[in-house]
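Undergrad: just to be clear, the model below is a prediction. Sequence and coordinates:
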Amino acid sequence: MANSDMVNSVIRALDILEYVSRNHGARLGDAADALGIKRTTAYNLVRTMRSRNFLLQDAGRRLYVGTALREIVEREVRAGVFDRAGREITALAEEFPEAVITFSELSGDEIVCRLRVSPDRPGQIQRPAMLLFSPYASVSGLCVLAMCEGDTGPIERKYSFSDIGMTIWGSREAFNAKLEECRRVGIASRVGERGDYFAAAPCAGNFVLGLRGPAPDSARRAAVNRSLAACALRIRGEV
């Protein structure tokens, strides 16, 4: 873009935003002087950016980067995670066509399934309206409680272990031992009563990749674990 096509007020606003990000707690006058902007112009630009939460100003009139910029970045990061997750669960479904693949998120006090691929609708990424996973009875729940980077306090307060988890695990010690096993292996897993294998791996902060499908022997389960862990790494963007 030619310089003559640029909007000077936008350039100045971006310069102020960058200056504040580099000089946490800067004063408006200092920013204006450093950037060669008239103070009245800087005041109006800052006031505009404050109205949209791109800048914050404390009682001492010091400036800080506001929440709007972080929210934009977080949305972009989240969109990238979902794009990668869609590709990975599709690939997992092709590798294990008899399995149900899920991509879930710790959201407040619930573990919510966001994406799903199942044998009854092969090749189609489903977006369930309200599919929740138990924090104590599901491998996705175990994975969240053992390895999720997010705050698990709200879900543990809502779903009391003494009321719910105790009937499943018998004791807090047995449950804690299972969580420690999950952390050591990097995968939460169990074999169901009908022989299905359940496994889940942590990925991208609050997200969990899960699989349920036939795995009759240890070699098959190890193959599932390897594929699941590799997909989780790619969703995190680490591969």
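TA: Nice, thanks for sending it over. Owing to the predicted nature of the structure, the values given are computational and were not obtained by experimental measurement.

Undergrad: can you list the buried residues in the helix or strand harbouring residue 74?
TA: Per DSSP states H and E, residue 74 falls inside helix 67-95. Residues of helix 67-95 classed as buried: 69, 81-82, 84-86, 88-93 (neighbour count, 16 or more other C-beta atoms under 10 Å). Quick note: C-beta positions are derived from backbone N, CA and C, even for glycine.

Undergrad: for stretch 192-204, buried residues please.
TA: 196-204.

Undergrad: need the next SSE after the helix holding residue 74, C-terminal direction.
TA: Following helix 67-95 toward the C-terminus (DSSP H and E): strand 100-107.

Undergrad: in its sheet, what does that following strand sit against?
TA: Here strand 100-107 is paired, per DSSP bridges, with strand 110-117 (antiparallel), strand 207-214 (antiparallel).

Undergrad: same list, those, but as CSV with mean neighbour count, mean pLDDT and distance to residue 144 please.
TA: Compiled in CSV, the strands paired with strand 100-107 are given as follows (neighbours: other C-beta atoms under 10 Å; pLDDT from 0 to 100; distance: least, C-beta to C-beta, whole Å):
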stretch, mean neighbour count, mean pLDDT, distance to residue 144
strand 110-117, 20, 96, 6
strand 207-214, 24, 95, 6
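
Undergrad: so which of these gets nearest residue 146?
TA: strand 207-214 (10.2 Å; C-beta to C-beta).
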